[in-house]
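Asker: Pasting a predicted model and its sequence here:
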Amino acid sequence: MSSDQAPKAPSADSEATHSKGKRGRFWQVFWLSFLVVSLAFLWHSFYAPSNDIAWAEDFPAAQQQAATADKPMLLFFTGKWCSPCQIMKRQVWADDQVADTVNEALIPVTIDVDDPGAVTVLRSYAVGVTPTTILCDPTGKVLQREQGRLSKAQFLEMLGELDPAAAGAL
């Protein structure tokens, strides 16, 4: 650059490019943040820790076991894709008090609504919503039925309605 040339003033084009760069960077950060938050929410929604409940997956065998033990059955209708079901698995079934109570007093059965072998059970209990939690006697007669996600307190209340003496022990 020679000394007789005057420095050039920034052009409107370079200011526009600089401004677009800042806006572009903002949107990159925004969408990256949105992606991270969305993935964290999905993981949280579908994460379900293991629990200590001795779930049966075969309804007829569980019904026979319930008749032999003379215990009511806990039927939990769920799906792998069901976010409220995963929340129940995390907040209710993973609780030690609930697990101890269920294993002691009930024959628990989990029924995957997407399993083609579960169609008969789904029809006989008219299940159209997940999660659905049903307490029934060994013959299959419904004693308590709740549709939708339950909290630990709601589930324990459901058990208390089934057996008021058991509610005092909880």
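Answerer: Good, I have the coordinates.
Asker: Provide the secondary structure category for the nearest residue to residue 145 once chain neighbours are set aside.
Answerer: In space, residue 145 comes closest to residue 134 once its chain neighbours are excluded; the distance is 5.0 Å by C-beta to C-beta, 6 or more residues apart in numbering. (Glycine included, C-beta is placed from N, CA and C.) Put simply, residue 134 is strand when judged by DSSP: H, G, I helix; E, B strand; the rest coil.
Asker: Name the SS class of the closest residue to residue 132 other than its chain neighbours, please.
Answerer: Here the nearest residue to residue 132 in space, its sequence neighbours aside, is residue 77; by C-beta to C-beta, 6+ apart that works out to 4.2 Å. For residue 77, the assignment made with three-state DSSP gives strand.
Asker: I figured residue 77 was touching residue 126, is that so?
Answerer: No - applying C-beta atoms under 8 Å as the test, residue 77 and residue 126 come out as separate, 10.7 Å apart.
Asker: quick one: which of the two has more around it?
Answerer: Set residue 77 next to residue 126 and count neighbours by other C-beta atoms under 10 Å: residue 77 wins out with 24 against 10.
Asker: Quick one: low-confidence residue ranges for this protein.
Answerer: 1-20, 43-49, 163-170 (pLDDT under 70).
Asker: just the strands in it please.
Answerer: Taking DSSP state E, the strands of the chain run over residues 73-78, 107-112, 132-136, 142-147.
Asker: Pull the distance from the first one to the chain's centre.
Answerer: Between the centre of strand 73-78 and the centre of its host chain there is 14 Å, according to C-alpha atoms, centre = their mean, to the nearest Å.
Asker: Stretch 64-81 too?
Answerer: 19 Å.
Asker: what about that stretch, how long is it end to end?
Answerer: 29 Å (C-alpha to C-alpha, to the nearest Å).
Asker: Tell me who's in contact with residue 58.
Answerer: Residues near residue 58 by C-beta atoms under 8 Å, 6 or more residues apart in numbering: residue 109.
Asker: 10 Å instead?
Answerer: 64, 65, 109, 111, 117 (C-beta atoms under 10 Å, 6 or more residues apart in numbering).
Asker: Which of these are buried? Put it as a ChimeraX command.
Answerer: Here is the ChimeraX selection string for the buried members of these, based on 16 or more other C-beta atoms under 10 Å:
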select :65,109,111
